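Visitor: Give me coordinates for this.
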Amino acid sequence: MSDYLLLFSFSLLLAGVFSAYVTVSVMTGDDVTLNPDAIHEMRRWKFKGIEIGTNNQSRNRPNVDSQTGSLFIQNIRTEDTGEYKLEIKRSNDKTLQPFKTFNVILNDKVESVSGVKGGFVTLNTDTQPQTDDVIEWKFENTSIAKVDKRIPSDYFNKERFGDRLHVDSRGSLIITQIKMNESGQYDVNITSSKQIIHKRFSLTVSGVFSAYVTVSVMKGDDVTLNPNVIHEMRRWKFKDIEIKTTDQSRNRLNTQTGSLTIQNISTEDTGEYQLEIKTSEDKVLKPFKTFNVILNDQVITVSVMKEDSFTLPTGVQKQPVDVKWTFNGTDLTGSTITNIRPEQFGEYKGEIDCRDFILQRTLSVKFNDKVESVSVTAGETVTLNTNTPRQADDVIEWKLFQ
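Guide: Take a look at the predicted model:
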């Protein structure tokens, strides 16, 4: 029994003290507090191997709170970046042990985002979501949204934005029906046990204008053209003829979102689709967006061998906002297939979101077990032919198996 109890006690000790690593991404001039999240009388902070004492008299230097053990860094500059290490000593320890490392890095990039009055914008955090994220958004230094994933209570500044704000799972801010006076500086602070992040955005909202979007599709694709703007008064035209919800064709209008879906695209579906809208300030419908749908006869083929690993190609030049693939009705995680097996060959269906339009595309992955034999004499020059046409965006890698 004593041996069992001793082993159990030792396991608890290993689980209690560990060295966690926290990334802290901030901007020049920020103030940041590094929290230990543990209460111990014996603790020590180090920066670049030098101990940081409590009650530091230098106004802008790191200062340790003697009660909480938190480290406060004011008016951060380049020389303050690097690793801050916290050591603690528990009752079972003989010496101070590493507990947490905070890696402070500077990111002074201000991301510029543009939007159209009456439309919506997304301010993307581009972060990996954590279960204990605390996310706060500010507009011109005033808090407008706060989400704490640990408690079911979110705050949104309805007095300023009404019900037009939404924070997604990654902490990105979505503003719908944006107004001209909502241009300006937006800041987000994300705090969790693994990261502390501050990002800044500059949003510019302009009036209604006519945008031009080129949509390159393949024969048989389904494509959805998105207005990205909410207005009750709107009209779609194709070759100067209005598209109506009652039309018995392969074109489908979504009466709620205003999007236009073209199914099973063929040559006669190519050309310019024009969207007109009417805002509260307009007396008549005005041009807002033109989608030029063109056919790309390039066929995407994926020919691989058993146990190959590869990424499913989207066939679009513009970097998609999101890509979802399914195989035999099952959703896939990501776009990469590793160590492909015979049962994984077949048709993959993709939904490719390019923000202004969404493509529904089918991709056929075929099995190729042919091994081409080439015989040469030592010292000769040899050419291994792929027998495939070269594309401008090809990525080619050769491997030698010995």
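Visitor: from here on, contacts and neighbour counts on C-alpha atoms
Guide: Noted.
Visitor: so what's the spatially most central residue of the chain closest to, chain neighbours aside?
Guide: By CA atoms, centre = their mean, the chain has its centre lying nearest to D126, at 4.2 Å. Spatially, and ignoring its direct neighbours in sequence, D126 is nearest to R170 (7.3 Å; CA to CA, 6 or more residues apart in numbering).
Visitor: mind listing what the one you found touches?
Guide: Counting by CA atoms under 8 Å, 6 or more residues apart in numbering, R170 touches 125-129.
Visitor: can you pick the most crowded of those?
Guide: Comparing the contacts of R170 by number of neighbours (other CA atoms under 10 Å), T125 comes first, having 20 neighbours.
Visitor: contacting residues around it?
Guide: Residues near T125 by CA under 8 Å, 6+ apart: 170-172, 188, 199.
Visitor: again with N292
Guide: Going by CA under 8 Å, 6+ apart, N292 touches 212-215, 270-273.
Visitor: which among these end up buried?
Guide: With burial judged by 16 or more other CA atoms under 10 Å, the buried subset of the contacts of N292 is 213, 215, 270-273.
Visitor: Give me the pLDDT value at the closest residue to F327 other than its chain neighbours.
Guide: In space, and not counting its chain neighbours, F327 is closest to Y348: 5.0 Å by CA to CA, 6+ apart. You'll see Y348 listed with a pLDDT of 90.
Visitor: cool, N368 as well?
Guide: Listed pLDDT for N368 reads 78.
Visitor: That one: neighbour count?
Guide: 11.
Visitor: circling back to that earlier point, secondary structure of the residue nearest to the centre of the chain: a strand, I assume?
Guide: No - assigned with DSSP: H, G, I helix; E, B strand; the rest coil, D126 falls outside any strand and is coil.
Visitor: And the chain, what are its domain boundaries?
Guide: The chain is divided into the following domains under automatic domain parsing: 17-106, 110-206, 211-295, 302-367.
Visitor: can you tell me which of those domains comes nearest to V374?
Guide: V374 lies closest to domain 302-367 among those, at 18.7 Å (CA to CA).
Visitor: Grab the nearest non-local neighbour of D168.
Guide: I174 (7.7 Å).
Visitor: same check, this time on K278
Guide: Counting by CA to CA, 6+ apart, the residue nearest K278 is L285, at 4.6 Å.
Visitor: and what of T261?
Guide: Closest to T261 by CA to CA, 6+ apart is T224, at 4.1 Å.
Visitor: and what of G53?
Guide: V64 is the one closest to G53 (CA to CA, 6+ apart), at 6.5 Å.
Visitor: The one you found contacts L71, doesn't it?
Guide: Yes - V64 is within contact range of L71, at 4.5 Å (criterion: CA atoms under 8 Å).
Visitor: Report the backbone C-alpha coordinates of stretch 219-234 in CSV.
Guide: The C-alpha coordinates for stretch 219-234 follow below in CSV (Å, rounded to 0.1, in the frame of the first residue of the first chain):
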residue,chain,number,x,y,z
LYS,A,219,-18.0,23.2,-67.5
GLY,A,220,-20.4,21.5,-65.2
ASP,A,221,-19.5,23.7,-62.1
ASP,A,222,-22.1,25.3,-59.9
VAL,A,223,-21.3,28.8,-58.9
THR,A,224,-22.9,31.2,-56.4
LEU,A,225,-22.4,35.0,-57.0
ASN,A,226,-22.5,36.9,-53.7
PRO,A,227,-23.6,40.5,-53.5
ASN,A,228,-22.0,40.9,-50.0
VAL,A,229,-24.5,43.6,-49.3
ILE,A,230,-28.0,43.6,-47.8
HIS,A,231,-30.7,45.7,-49.6
GLU,A,232,-34.4,45.1,-50.1
MET,A,233,-34.3,46.6,-53.6
ARG,A,234,-32.0,44.7,-55.9
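Visitor: low-scoring pLDDT stretches of the stretch 251-400 of the chain, where are they?
Guide: 279-282, 297-299, 387-394 (pLDDT under 70).
Visitor: got it, and the stretch 1-150 of the chain?
Guide: 1-19, 39-41, 54-61.
Visitor: before we move on, back to that, tell me what the residue nearest to G53 is bridged to.
Guide: T54, L71 (DSSP bridges).
Visitor: Could you report the neighbour count for it?
Guide: For V64, using other CA under 10 Å, the count is 20.
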